[in-house]
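Novice: coordinates only, sequence not included:
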């Protein structure tokens, strides 16, 4: 639909709507930059009313006046972001998790080998995406709950807590989409979808709340004050903060990171030359089978980082960024009133010959600083490639997600 709209109307298009209000679609990088540069101190975007309803009405006793980062705007958003930034956005907060997340990646490889050994045709099962979700949930649970859930156990039952959480993530996203973007004129359908969303989100909330309570008891019996985990720092504010931020990590980090990891693995598997270049780099950095990953290793893995960027360019799950105009503005010669929903469309630019020569080709070298050819990303408008958004409302977990992806790809 976005491509069709671009081909028919060009760099800017407007649609009148009764569900989400009037919407403007922007495709020109310079116009996208204009919006981002004028978003103000508290940028606004479409808030997920389903999560807001859940936290403000269904489970108000747990969340009180704290709201998810993905469901809030204005002062509510700023309050939670101010708490989360010093914990989630510091480089040292990420680096302390490298050894354990590396272990998760290695366990994922063992799981894949097990699956291959038990398939006669030597092919991955149709449920491979579910395996990727297990990897991402195992990573996120350690980051947000300070505990591994055992998602990669070969004897995991289909009725296990882990699988119930993964299923609940997918189901809650399904019903969230229906509530946010497929609003029905029939009220009973909306109520049914809302109840289904609450039911599945409760599964996630209950599981995480249980593990947070267990962690709280562990910390109370521990005298160590050094190298506090992220969950310990969440709890040092209060338990409600821990519940909100742990759920944010899960809601934003399982499905998205799993699918992104799968896309990057696919592109590398289908491009032998890039795969060989990456292997040469990793053999140099990790000469022995048991060589550990360190922050220094990751810092020097230039081709690994470039491969991930190129994979996110070609197979990223975010086709657009969203903002709500916080003031009247002029963009591309058109007046955009305050309150208008703005879709900042990335997909067309990511496959534009003007922005990325040979755009349909997987070329990690685009992202290397040493590249001086026409394919270098230095020739690309800086507001074209924004897989984690931009500015104050950029993805708060982008450092964590990038680290997870780097370790997953390197160990594969």
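Specialist: Yep, that arrived. This one's a predicted model, so the numbers in the text were calculated from it and none came from an experiment. Residues are numbered from 1 along each chain as shown.

Novice: the strands in this structure, which residues?
Specialist: Taking DSSP state E as the criterion, the chain carries its strands at 12-15, 23-26, 320-324, 329-331, 334-336, 341-345.

Novice: any idea how far residue 207 is from residue 127?
Specialist: With distances taken as CB to CB, to the nearest Å, residue 127 is found 21 Å from residue 207. For glycine as for every other residue, the C-beta is placed from the backbone atoms N, C-alpha and C.

Novice: list the contacts of the nearest residue to residue 337 once chain neighbours are set aside.
Specialist: Among residues not flanking residue 337 along the chain, residue 328 sits closest, at 5.6 Å (CB to CB, 6 or more residues apart in numbering). By CB atoms under 8 Å, 6 or more residues apart in numbering, the residues touching residue 328 are 335, 336, 337, 338.

Novice: same question, residue 69
Specialist: Neighbouring residues of residue 69 by CB under 8 Å, 6+ apart: 77, 80, 81, 84, 248, 396.

Novice: just to check, the fourth one is in contact with residue 245?
Specialist: Yes. The criterion here is CB atoms under 8 Å, and residue 84 meets it with residue 245 at 5.7 Å.

Novice: who has more neighbours out of these two?
Specialist: Ranked by neighbour count (other CB atoms under 10 Å), residue 84 and residue 245 place residue 245 first, with 26 against 22.

Novice: quickly note the distance from the more buried one to residue 220.
Specialist: According to CB to CB, residue 245 stands 20 Å off from residue 220.

Novice: now do residue 340
Specialist: Counting by CB to CB, the separation of residue 340 from residue 220 is 50 Å.

Novice: more neighbours: these two, which one.
Specialist: Neighbours per residue (other CB under 10 Å) separate residue 340 from residue 220, with residue 340 holding more: 18 against 8.

Novice: what score does residue 2 have for pLDDT?
Specialist: Looking at residue 2, its pLDDT stands at 69.

Novice: which helix is the longest one in this structure?
Specialist: Counting residues, the longest helix in the chain under DSSP state H turns out to be helix 187-220.

Novice: and it, which residues are buried?
Specialist: By 16 or more other CB atoms under 10 Å, the buried positions in helix 187-220 come out as 193-194, 196-198, 200-205, 207-209, 211-212, 215, 219.

Novice: so what does that helix touch, helix or strand wise?
Specialist: Judged by 3 or more CB pairs under 8 Å, 6 or more residues apart in numbering; DSSP states H and E, helix 187-220 is in contact with helix 49-53, helix 128-145, helix 161-181, helix 230-237, helix 239-253.

Novice: 6 Å instead, please
Specialist: helix 161-181, helix 239-253 (3 or more CB pairs under 6 Å, 6 or more residues apart in numbering; DSSP states H and E).

Novice: the last one to helix 161-181, inter-axis angle?
Specialist: Pointing back at helix 239-253 there. Calculated by axes from the mean of the first three to the mean of the last three CA atoms, to 10 degrees, helix 239-253 forms an angle of 80 degrees with helix 161-181.

Novice: now the helices for the stretch 251-400 of the chain?
Specialist: 255-269, 272-285, 295-300, 302-315, 347-350, 398-411 (DSSP state H, counting those that start in this stretch).

Novice: among those, which comes closest to residue 232?
Specialist: For the helices of the stretch 251-400 of the chain, proximity to residue 232 was assessed by CB to CB; helix 398-411 is nearest, at 16.1 Å.

Novice: ok, residues contacting the closest one?
Specialist: 94, 101-102, 105-106, 109, 139, 143, 257, 261, 264, 282, 298, 304, 308, 388 (CB atoms under 6 Å, 6 or more residues apart in numbering).

Novice: which of those residues count as buried?
Specialist: 94, 101-102, 105-106, 139, 143, 257, 261, 264, 282, 298, 304, 308, 388.

Novice: show me the contacts for residue 198.
Specialist: For residue 198, the contact set (CB under 6 Å, 6+ apart) comprises residue 58.

Novice: for stretch 58-78, how far is the first residue from the last?
Specialist: End-to-end distance for stretch 58-78: 23 Å, by CA to CA, to the nearest Å.
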